[in-house]
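A.B. asks: sequence first, then the predicted structure, then my questions.
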Amino acid sequence: QVQLVESGGGLVQAGGSLRLSCAASGRIFSINAMGWYRQSPGKQRELVAAFTDDGSTNYADSVKGRFTISRDNAKNTVSLQMNSLRPADTAVYYCNAFLRPLFAGAFANYWGQGTQVTVSS
């Protein structure tokens, strides 16, 4: 069974930094895209940063210059370094991967359980 497990959330003061990590485990044939989304109360889940299928990166405008996404294809992991955090970054952060399990015939979207990031002012 494929799982995405996140770690690294927590409470930080404005201006501080956090690093989120996500590891995909299980029998995986291939991972196409991988990234991070977030959702705060009353709002829709939104893209934060992600690697696309061609290896390029997409960032939300609100995090450009502050957040950096990285990926280790050999370990099936993706990380998000978050600097200069703001109270508006407070949300549950979800890891996402578009992948094909080993014995499956197609790619599908998988989500982690989410990790809380709280930025105090």
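C.D. replies: Cool, got the structure. Numbers count the residues shown, from 1 in each chain.

A.B. asks: centroid residue for this protein?
C.D. replies: Among the residues of the chain, Trp36 comes closest to the average C-alpha position under C-alpha atoms, centre = their mean, at 2.3 Å.

A.B. asks: which of the helices or strands spans it?
C.D. replies: Assigned by DSSP states H and E, Trp36 belongs to strand 28-39.

A.B. asks: next one: that strand to chain centre, how far?
C.D. replies: Relative to its parent chain, strand 28-39 has a centroid offset of 7 Å by C-alpha atoms, centre = their mean, to the nearest Å.

A.B. asks: going by neighbour count, list what's buried in it.
C.D. replies: Under the neighbour-count criterion of 16 or more other C-beta atoms under 10 Å, strand 28-39 has 28, 31, 33-38 buried. C-beta: built from backbone N, CA, C; applies to glycine.

A.B. asks: neighbours of Gly10, how many?
C.D. replies: Per other C-beta atoms under 10 Å, the neighbour tally for Gly10 reads 13.

A.B. asks: wait, it touches Gly16, no?
C.D. replies: No: distance between Gly10 and Gly16: 9.8 Å, which falls outside the contact criterion (C-beta atoms under 8 Å).

A.B. asks: hang on, the earlier thing: what's the farthest-apart pair in the buried residues of strand 28-39?
C.D. replies: Ile28 and Arg38 (24.0 Å; C-beta to C-beta).

A.B. asks: now the strands: where do they sit in the chain?
C.D. replies: 3-7, 10-13, 18-25, 28-39, 46-51, 57-59, 67-72, 77-82, 91-101, 108-111, 115-120 (DSSP state E).

A.B. asks: make CSV out of those strands and add mean pLDDT.
C.D. replies: Supplementary listing: those in CSV, determined by pLDDT from 0 to 100:
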stretch, mean pLDDT
strand 3-7, 95
strand 10-13, 98
strand 18-25, 97
strand 28-39, 96
strand 46-51, 98
strand 57-59, 97
strand 67-72, 97
strand 77-82, 98
strand 91-101, 97
strand 108-111, 96
strand 115-120, 98
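
A.B. asks: pull the contacting residues for Ala49.
C.D. replies: Residues counted as contacts of Ala49 (C-beta atoms under 8 Å, 6 or more residues apart in numbering) are 35-36, 57-60, 63, 67-69, 80.

A.B. asks: lovely, talk soon.
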